[in-house]
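Visitor: below are the sequence and a predicted model for it; my questions follow.
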Amino acid sequence: MAGTMRYSYPPNVHIIRVPCSGKVDALHIMKAFQKGADGVYVAGCLEGDCHFKTGNIKAAHMVAYLKGLLDEIGIGAERLEMFTMSAGMGERFARIATDFTERIRKLGPNPAKAGSDKTDKVAVG
Amino acid sequence: MITAERKPLDEIIDYIKPFSRILLVGCNECVTVCAAGGRKEVGLLSSALQMAFMKEGKVLDVKELTLERQCDPEYVEELVPLIDQVDAVVSMACGCGVQEVAKRFKEKPVFPAVNTKFMGASERQGVWAERCQGCGDCVLGMTGGICPVARCSKRLLNGPCGGSSNGKCEINPEVDCAWQLIWDRLKSLGIEKTYEEIVPAKDWRTSRDGGPRKIIREDLA
């Protein structure tokens, strides 16, 4: 919707499309950080609106767990977030993409960054 | 199942700090079910450890393998082709698995990545509770299928103590009084008389008090 409504969002946000935020695996997120992503956020449907009933709630629990793990290894929980929005909220999508990019920019590069690929990653379900 | 929980990352990192190539071994049995050391947890820990090393400007080469059962020597043999390519082994199995790997590969340091907790059952998704202490002389036949050894905080065998209140244990209001559960169950089965039988002092020699235990099945051995 952000595209058709002509809302712009930072070009460094790399979108990985999944059928449901519940389909995002913890390992996908860890690998994204390992490959150099400075921040990752999961964009799921609004609470109560999951087509598969609890996919977004499952994703939120997984994100909470991973935040703890990221803190433990010193990458920082604030580099990972879960947001909810409906498919029609193009403006919210663009605003979150912009705000999150800004937050990550302030935090600086991923401390574990090894490669040169520097993108923010987002999973949309 | 045997339940376990991953150790704090700092402790695991401390173990492997001197090495640059490790073999991270999971187990497809109990620790997979309790989400502590199966294939998925191996992947997550591998990724986390590699990032922790990268952060320090070091490289950690992690080989990952999840065995069908780490407590059986037949399956531990599957590590042979990999063992020479690593400096140390980190096992995500219960204590039995860690020891099997350490026994097989005497020349390699082997470290545990999980704390083995208890024999338990799933109460619901993500929650496991202790159900058996392996006392070696099961009393469940007398207690309506509810174990006073594992589930009574004092392991009492002849009814509850004075700390039982509204069906809960005095140690924690979240903990059910095992003897309340037993009584309710005996009553619903109509065999309250069983409760009247005095159980003599238990012979704990069949438990850990008799030293490390062993089972030998002559027909199979």
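Guide: Ah, there it is.

Visitor: quick one: the helices in chain B?
Guide: B:9-16, B:30-33, B:39-55, B:73-76, B:80-83, B:95-104, B:148-151, B:178-189, B:193-196 (DSSP state H).

Visitor: show me what from chain A comes close to chain B.
Guide: With CB under 8 Å from any CB of the partner chain as the criterion, chain A comes near chain B at residues A:26-27, A:30-31, A:33-34, A:69, A:72-75, A:111-114. C-betas here are computed from N, CA, C, even on glycine.

Visitor: kindly recompute the last result at 6 Å.
Guide: A:26-27, A:30, A:34, A:69, A:72-74, A:111-112, A:114 (CB under 6 Å from any CB of the partner chain).

Visitor: residues contacting B:A121?
Guide: Counting by CB atoms under 6 Å, 6 or more residues apart in numbering or on different chains, B:A121 touches B:R131.

Visitor: bridging residues for it?
Guide: Here B:A121 sits in beta bridges with B:A129, as judged by DSSP bridges.

Visitor: what about residue 110, neighbour count?
Guide: No chain in the question, so chain A it is. Neighbourhood size, A:N110 [other CB atoms under 10 Å in any protein chain shown]: 24.

Visitor: not quite, I wanted chain B
Guide: For B:V110, using other CB under 10 Å, the count is 21.

Visitor: same question for the one 5 residues further on.
Guide: Residue crowding around B:N115 was assessed by other CB under 10 Å; the count is 15.

Visitor: which ones are touching it?
Guide: B:5, B:7.

Visitor: ok, now B:E78?
Guide: Applying CB under 6 Å, 6+ apart, the residues near B:E78 are B:L67.

Visitor: please produce JSON lines containing the helices of chain B, extended by distance to A:M82.
Guide: Output for the helices of chain B, formatted as JSON lines (distance: least, CB to CB, whole Å):
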{"stretch": "helix B:9-16", "distance to A:M82": "22"}
{"stretch": "helix B:30-33", "distance to A:M82": "26"}
{"stretch": "helix B:39-55", "distance to A:M82": "17"}
{"stretch": "helix B:73-76", "distance to A:M82": "38"}
{"stretch": "helix B:80-83", "distance to A:M82": "37"}
{"stretch": "helix B:95-104", "distance to A:M82": "34"}
{"stretch": "helix B:148-151", "distance to A:M82": "37"}
{"stretch": "helix B:178-189", "distance to A:M82": "39"}
{"stretch": "helix B:193-196", "distance to A:M82": "51"}
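
Visitor: could I get the ones you listed as JSON lines with mean neighbour count and distance to A:S8?
Guide: Formatted as JSON lines, the helices of chain B follow (neighbours: other CB atoms under 10 Å in any protein chain shown; distance: least, CB to CB, whole Å):
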{"stretch": "helix B:9-16", "mean neighbour count": "17", "distance to A:S8": "39"}
{"stretch": "helix B:30-33", "mean neighbour count": "22", "distance to A:S8": "45"}
{"stretch": "helix B:39-55", "mean neighbour count": "21", "distance to A:S8": "32"}
{"stretch": "helix B:73-76", "mean neighbour count": "15", "distance to A:S8": "55"}
{"stretch": "helix B:80-83", "mean neighbour count": "12", "distance to A:S8": "49"}
{"stretch": "helix B:95-104", "mean neighbour count": "19", "distance to A:S8": "53"}
{"stretch": "helix B:148-151", "mean neighbour count": "21", "distance to A:S8": "60"}
{"stretch": "helix B:178-189", "mean neighbour count": "17", "distance to A:S8": "62"}
{"stretch": "helix B:193-196", "mean neighbour count": "11", "distance to A:S8": "74"}
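
Visitor: by mean pLDDT, show me the worst of the ones you listed.
Guide: Mean pLDDT values for these show the minimum at helix B:193-196, a mean of 94.

Visitor: rewinding a little: can I get the helices of chain B in CSV with distance to chain A?
Guide: Converted to CSV, the helices of chain B look like this (distance: least, CB to the nearest CB, whole Å):
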stretch, distance to chain A
helix B:9-16, 4
helix B:30-33, 15
helix B:39-55, 4
helix B:73-76, 24
helix B:80-83, 21
helix B:95-104, 21
helix B:148-151, 28
helix B:178-189, 30
helix B:193-196, 42
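
Visitor: quick one: closest of the ones you listed to A:G88.
Guide: helix B:39-55 (34.2 Å; CB to CB).

Visitor: which one of the residues of chain A next to chain B has the most neighbours?
Guide: A:M30 (25 neighbours).

Visitor: that one and B:E29: what is the separation?
Guide: From A:M30 across to B:E29, the span is 24 Å (CB to CB, to the nearest Å).

Visitor: rewinding a little: what is the nearest of the residues of chain A next to chain B to B:P81?
Guide: Closest to B:P81, out of all of the residues of chain A next to chain B and judged by CB to CB, is A:L27, at 24.4 Å.

Visitor: show me where chain A has its helices.
Guide: According to DSSP H, the helices that chain A contains are A:26-34, A:55-72, A:90-107.

Visitor: deepest-packed of the ones you listed, please.
Guide: helix A:26-34 (a mean of 21; mean count of other CB atoms under 10 Å in any protein chain shown).
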